[in-house]
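1. Here is a sequence together with a model predicted from it:
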Amino acid sequence: MKKSILVLVRHGQSEWNQKNLFTGWKDPKLTHQGINEAVEAGKSLKSEDMNFDIMFTSDLFRAQETGRLILKEMDQTDIPFVKHQSLNERNYGDLAGLNKDDARERWGEEQVHIWRRSFDIPPPGGESLKNTAERVLPYFESEIMPKIDEGLNVLIAAHGNSLRALVMQLENIGPEEIVKLEIGTGDPLIYDCTHQTITRRN
């Protein structure tokens, strides 16, 4: 039976994370801290003697750069590198670029909390987590899962909400619980994979 490893990593801190701005599909760069988080993720994965065969990432710079820095730290920069919009962060629509505190003043804390933490209520002009999952999961099933089934080791460098959508499916977590899950920047989630079985390491 073929075995493989799947690793999910949220990008390191971005300039807009640092400024407490809604980011979504906007494309800020990593901060110095974000670069360090990616490098540390690479060191952590290298210490476990991991070897990747392919990396998938979003169409946004902060995720791509995080993946590059991880692979550089691991001396594995020669593997295939696949970028796709389906792995982008949740689109925050009209909230993108706004300071989260300013948004609370404009729409009220309760409404902003609903937009951020409900599963299926999107902000104006944007996506809910449910909408995000509806593009992330088909891409995972059609493009990434076949690589895992081949026994390849896969790295996915993406975003808090696109990774939440994946974790929801991989760990069979319900909508009410998944919105509470916090995925740290630069903190790898490691899964051991065999045929039709994907198990997260503790």
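-> Received it, and whenever you're ready, just let me know what you need.
2. In the chain, what residue spans correspond to helices?
-> 15-18, 32-47, 61-73, 100-107, 109-117, 129-139, 145-149, 160-170, 175-178 (DSSP state H).
3. Would you reformat the ones you listed as CSV and include mean pLDDT, distance to E89 and mean neighbour count?
-> The C-beta positions use only the backbone N, C-alpha and C, and glycine is treated the same way. CSV is the format used below for the helices of the chain (pLDDT from 0 to 100; distance: least, Cβ to Cβ, whole Å; neighbours: other Cβ atoms under 10 Å):
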stretch, mean pLDDT, distance to E89, mean neighbour count
helix 15-18, 94, 11, 17
helix 32-47, 98, 14, 18
helix 61-73, 98, 8, 23
helix 100-107, 94, 15, 14
helix 109-117, 93, 13, 14
helix 129-139, 97, 8, 19
helix 145-149, 94, 21, 16
helix 160-170, 96, 6, 22
helix 175-178, 92, 15, 13
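4. Now do the nearest residue to G34 once chain neighbours are set aside against F119, distance only.
-> Distance criterion Cβ to Cβ, 6 or more residues apart in numbering; nearest residue to G34, sequence neighbours excluded, is G12 at 3.1 Å. Distance from G12 to F119, counting by Cβ to Cβ, to the nearest Å: 26 Å.
5. Am I right that E150 is in contact with K2?
-> Yes. In this structure E150 lies within contact range of K2 using Cβ atoms under 8 Å: 7.1 Å.
6. D187: which of the helices of the chain is closest?
-> Closest to D187 of those, according to Cβ to Cβ: helix 32-47, at 7.2 Å.
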